[in-house]
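K.L.:
fold the stuff below for me.
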Amino acid sequence: MGEVQRGAVSGPGEEDSTTERLEALVRRAQEASEEERGLLGEDINTLLLQLPSAPEPQRGATLVRSFLDSHALAGLGTPAMPSNIAATQALLGLGYPDALTLTPEELDSLRQWQRQRFAVPWLALLVTLFGVILIQVFILTLGTDNALVIRFNATLRALSGEPPAPPTLMELHEEFVRNSAYRFLFAQFVAGAAAFFYTVTAGRRGGGRVRARRVFLTMAGVGAAMALFQLPANGWIAATTFTAAAGAFICAANLKPT
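P.N.:
The predicted structure follows:
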């Protein structure tokens, strides 16, 4: 069925115009089963959005206007874009005078769809990032004794006059992790704040949500890798770093395309 349907869109005869294919697909979708309507909806939207560049734009405009007036596109389309929205965009793309035939209700539906399509869950992101900070403070508080013990032992060795032994690779690794931990945590905080502000501004535009999601995924990957690097040296520090990485991943999940 899918192959036959695709052929109806991409392999018509020479005499079969875009408007004729569109009219045939809409008629077929109205009589099709629910499953087949879903398959046909994508092709209907594709043809609708191609109408502004079709050879017969005026004929296409007349057809689309008749679809909207008769509610022939109701229930058609895809979860991402109903066919009514695609038809409205087609008339807008055709320009004057066809765009003037759109009713205020149709334009309002288009605006509402665009707001929902490009909206970002800013509250969920803010709560997630704030929760990350609280968890990190809690983990650092638990791990403070560990850091104090390390400094206390080092002070005792210095007071006893014992010559310091050459540091091992693990000790050098531990020292590097301790010295760089707060710098990296601060960098994660700044990156999270910057990603949030980018998401609630540029993320509302076309393609911005996808780019914002990639930013959070990158932060999650870098944070997880750093946590693995820190883990052999200090589990508490690794836990705080991983918390930020997990928060970035949750933010990316909230930005999945709808």
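K.L.:
what pLDDT does residue 99 get?
P.N.:
We note a pLDDT of 75 for residue 99 in this prediction.
K.L.:
burial of it, as a residue count?
P.N.:
By other C-beta atoms under 10 Å, the residues close to residue 99 number 15. Every C-beta, even on glycine, is put in place using the N, C-alpha and C of the backbone.
K.L.:
let me see the contact set for it.
P.N.:
91-92 (C-beta atoms under 8 Å, 6 or more residues apart in numbering).
K.L.:
how about low-confidence regions in the stretch 151-258 of the chain?
P.N.:
151-165, 204-206, 257-258 (pLDDT under 70).
K.L.:
which residue ranges of it form helices?
P.N.:
Ranges of helices in the stretch 151-258 of the chain, per DSSP state H, counting those that start in this stretch, are 169-201, 208-230, 235-254.
K.L.:
among the ones you listed, which is nearest residue 105?
P.N.:
helix 208-230 (26.8 Å; C-beta to C-beta).
K.L.:
now that closest one against helix 235-254, angle please.
P.N.:
Angle between the axes of helix 208-230 and helix 235-254 is 160 degrees (criterion: axes from the mean of the first three to the mean of the last three C-alpha atoms, to 10 degrees).
K.L.:
what is helix 208-230 packed up against?
P.N.:
helix 169-201, helix 235-254 (3 or more C-beta pairs under 8 Å, 6 or more residues apart in numbering; DSSP states H and E).
K.L.:
relative to helix 235-254, how tilted is the longest one?
P.N.:
Regarding helix 169-201 and helix 235-254, their directions subtend 30 degrees when assessed with the same axes, to 10 degrees.
K.L.:
and helix 169-201, what does it pack onto?
P.N.:
Packed next to helix 169-201, using 3+ C-beta pairs under 8 Å, 6+ apart, are helix 122-142, helix 208-230, helix 235-254.
K.L.:
just the last one next, same as before
P.N.:
Helix 235-254 sits against helix 122-142, helix 169-201, helix 208-230, with contacts defined as 3+ C-beta pairs under 8 Å, 6+ apart.
K.L.:
need the winner for burial among those helices.
P.N.:
helix 208-230 (a mean of 19; mean count of other C-beta atoms under 10 Å).
K.L.:
other residues contacting that one?
P.N.:
So helix 208-230 is contacted by 118, 120, 177, 181, 184, 188, 191-192, 195, 198-199, 202-203, 237-239, 241-242, 244-246, 248-249, 251-252, 255-257 (C-beta under 8 Å, 6+ apart).
K.L.:
and it with helix 122-142, angle?
P.N.:
10 degrees.
K.L.:
for helix 208-230, what is the distance to the chain centroid?
P.N.:
13 Å (C-alpha atoms, centre = their mean, to the nearest Å).
K.L.:
do the same with stretch 95-108
P.N.:
That offset, for stretch 95-108, works out to 30 Å (C-alpha atoms, centre = their mean).
K.L.:
buried sites along that stretch?
P.N.:
Using 16 or more other C-beta atoms under 10 Å as the test for burial, stretch 95-108 gives 98, 102, 106.
K.L.:
is it possible to get TSV of the residues you listed that adds distance to residue 85?
P.N.:
Formatted as TSV, those follow (distance: C-beta to C-beta, whole Å):
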residue	distance to residue 85
98	16
102	12
106	9
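K.L.:
so which of these are in helices?
P.N.:
When the buried residues of stretch 95-108 are checked against helices (DSSP state H), the matches are residue 106.
K.L.:
low-confidence stretches in the stretch 1-150 of the chain?
P.N.:
Applying pLDDT under 70 to the stretch 1-150 of the chain picks out residues 1-16, 33-35, 38, 56, 114-119, 144-150.
K.L.:
this completes my enquiry, with thanks.
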